[in-house]
Each structure stands twice: as C-alpha cells, then as structure tokens.
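**Student:** sequence unavailable; structure follows:
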C-alpha cells in the first residue's frame, strides 16, 4: 500500500508538473576558448598599461586604499581569475569615480578602450535567459507522457477535461482538476502495479468442444483431442485485472493441401489473432500470441479456420432404362 501511495504521489507531482520550458539562450557563435584567449591577450595590451598608469599608485599591495589592491592583476589570466575585483575597479574608472579629481585622468579614448575590453569580457559569459516560461501539460501531452513513461494506455486520461480554446489555456490546476488527476493516477497504477503473474493451463481433453456442430464436454482426465473437420475448443479464464495476457497453444496438424492448419483465437466475442500450425503430428510445438483482457471471466476459444472436409463422392448414376 505504501508503495502505491508513493507511486501515486510521483505520478501526480511529476507528471502533472512536467513543464514545457523555454530553451536557454546560447552564447555567441564561435569557439569560446579561442575568444577567451584573445580577450586575455588584449588585457595585457589595452587594460594593464592603463591600470598601471592611473590606478596602482594608490591601489597596490602597499597602500590598497579603500581595501582595493589591483597589483595582482598582472596578466589576463590573473584578471580572469579575480573578475569581481577587476569589475569593481573598472566600474569606478568608467563611471569617472576614479581616479580622484586631483589625480591625473585617463583620456576619453583610454576610457573607451577599457569599456570596449570590458564588454568583450562580459560577452564571454552566457547571457542569463531570465525567467523560463512554464506551463502544465495539455490533456493529450499528459496522456502521451503516461504512455511513454509507464507504458499505460493513453485512454486513462480521457476523462480529464478538454483544453478548450474559448477559455484559453491556463497553467493553474483547480482543486476539481487535481482530483481528476488523482483518479487518473489510480487508473494508471491499476495498469502498472499488477498482482502476481497468473498462469493457468488446460489439456485439450479437459476443454469443452464443439465438433461437427455437436457439443463434446471436456473431462477432468482428458489429455488430447483430435479434431477432424470443423470444430472449436473453449475455456473460461478468470483474468485478475485488466491487462495484456499471453495465450500459448501446443498443437500439431497433418497438412492437407498447400497451406497449414489455421486456428483463430477468440476472446469473448472478438477474434484476437490466428495461429498457423506447422508442426507435424509426431512433434507438437507451442504457438503464442498476446491480447488485452478485461478483469473477470472471459471465454477463450480456439476455432479451426480452414478445416479439412473430405469430399464425398456422389453415388454412381443409375443406368438409363432401355
């Protein structure tokens, strides 16, 4: 019971919580590693000399005014290793907050040069796509997801309300709708969690038969049956639950003509398949097919599709009177 509750919670929370998510924006085209190397080299040429000329006098290891020490930014690799410190210093420079007014100032071109390099560095980091758009699954998507993940019949979601166009598609789940999701989860679990596999077998002589239109009841001690001409065998199978079952028939036949004997398998009132019996009489073989059965007692029947009917020669014609 506990396992069923856990599965039910997973189906409702996971499947009804599967969302379509907007794809993340990709970083700019090109090889990231090559572009990073180029930006690091540009630091040595475009930024490092400006830091040395206008910043290190007050922000080196000895003075580090404002608790800012830029002396460790000796290369592009070092700058990338401490991006937060570099960004802090460059923001001050580009905002004209540093150097102080009484100190020597970089030219407008130098500030633009630093700004261009700083922009190149920032573009190496993938852009934040922002909040992703999420929505719940539609009824069809939910049914298909149940089928793909659990192998259950998509029809289990048929009772969920349709996604009508008039009211629009909403991502919220009302309490009544959530109750329907719980019912769907129960039905999916009924298909997913089965009782122990049930195996029943009969000997052909134990099955009731109809041969040449005449009933022939089965017997408890019956072993095999030899059917010549039209006929069928039948049994009642108590299916413990809705599901897919395998029907195996062990049979042999004497081939008469070009095609093998064919047995139709009927479940209730529906023929679910045919078996071509190719094994000779001395070496019976097993033939199988699968079909879906509802819970409860179901009539299973084997019907000879192409019985051999021996031709009866007409009596000789009477001689004509003289």
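**Tutor:** That came through fine. Everything quoted here is computed from the prediction, not taken from an experiment. Residues are numbered from 1 along each chain as shown.
**Student:** give me the below-cutoff pLDDT ranges for the chain.
**Tutor:** Regions of the chain meeting the criterion pLDDT under 70 cover residues 1-30, 126-135, 164-172, 193-198, 223, 228-229, 308-322.
**Student:** may I have the phi/psi pair for the nearest residue to residue 154 once chain neighbours are set aside?
**Tutor:** Distance criterion CB to CB, 6 or more residues apart in numbering; nearest residue to residue 154, sequence neighbours excluded, is residue 143 at 3.9 Å. For the C-beta atoms, the positions are set from N, CA and C on the backbone; glycine is no exception. Backbone geometry at residue 143, expressed as degrees, to the nearest 10, gives phi -60, psi -40.
**Student:** residue 143 touches residue 156, doesn't it?
**Tutor:** Yes. Counting by CB atoms under 8 Å, residue 143 sits close enough to residue 156 to count as a contact (7.1 Å).
**Student:** against residue 113, how distant is residue 90?
**Tutor:** Using CB to CB, to the nearest Å, residue 90 is found at 11 Å from residue 113.
**Student:** looking at the two, which has the bigger crowd around it?
**Tutor:** Using other CB atoms under 10 Å as the criterion, residue 90 and residue 113 rank with residue 90 on top: 23 against 18.
**Student:** and that one, what helix or strand is that in?
**Tutor:** Element membership for residue 90 (DSSP states H and E) is helix 83-94.
**Student:** who does residue 243 form a beta bridge with?
**Tutor:** residue 293 (DSSP bridges).
**Student:** you'd agree it is up against residue 190?
**Tutor:** No. Contact criterion CB under 8 Å: residue 243 and residue 190 do not qualify, at 9.1 Å.
**Student:** what are the buried residues along the helix holding residue 90?
**Tutor:** For helix 83-94, burial by neighbour count (16 or more other CB atoms under 10 Å) applies to 85-86, 89-90, 92-93.
**Student:** hang on, the earlier thing: OK, contacts around the residue nearest to residue 154?
**Tutor:** Applying CB atoms under 8 Å, 6 or more residues apart in numbering to residue 143 gives the contacts 154-158, 160.
**Student:** so where do the helices sit in the stretch 1-150 of the chain?
**Tutor:** Secondary structure of the stretch 1-150 of the chain (DSSP state H, counting those that start in this stretch): helices located at 2-10, 32-42, 48-54, 76-81, 83-94, 108-122, 139-150.
**Student:** of all these, which one is nearest residue 179?
**Tutor:** helix 2-10 (12.7 Å; CB to CB).
**Student:** in the chain, which helix is the longest?
**Tutor:** Counting by DSSP state H, the longest helix found in the chain is helix 175-192.
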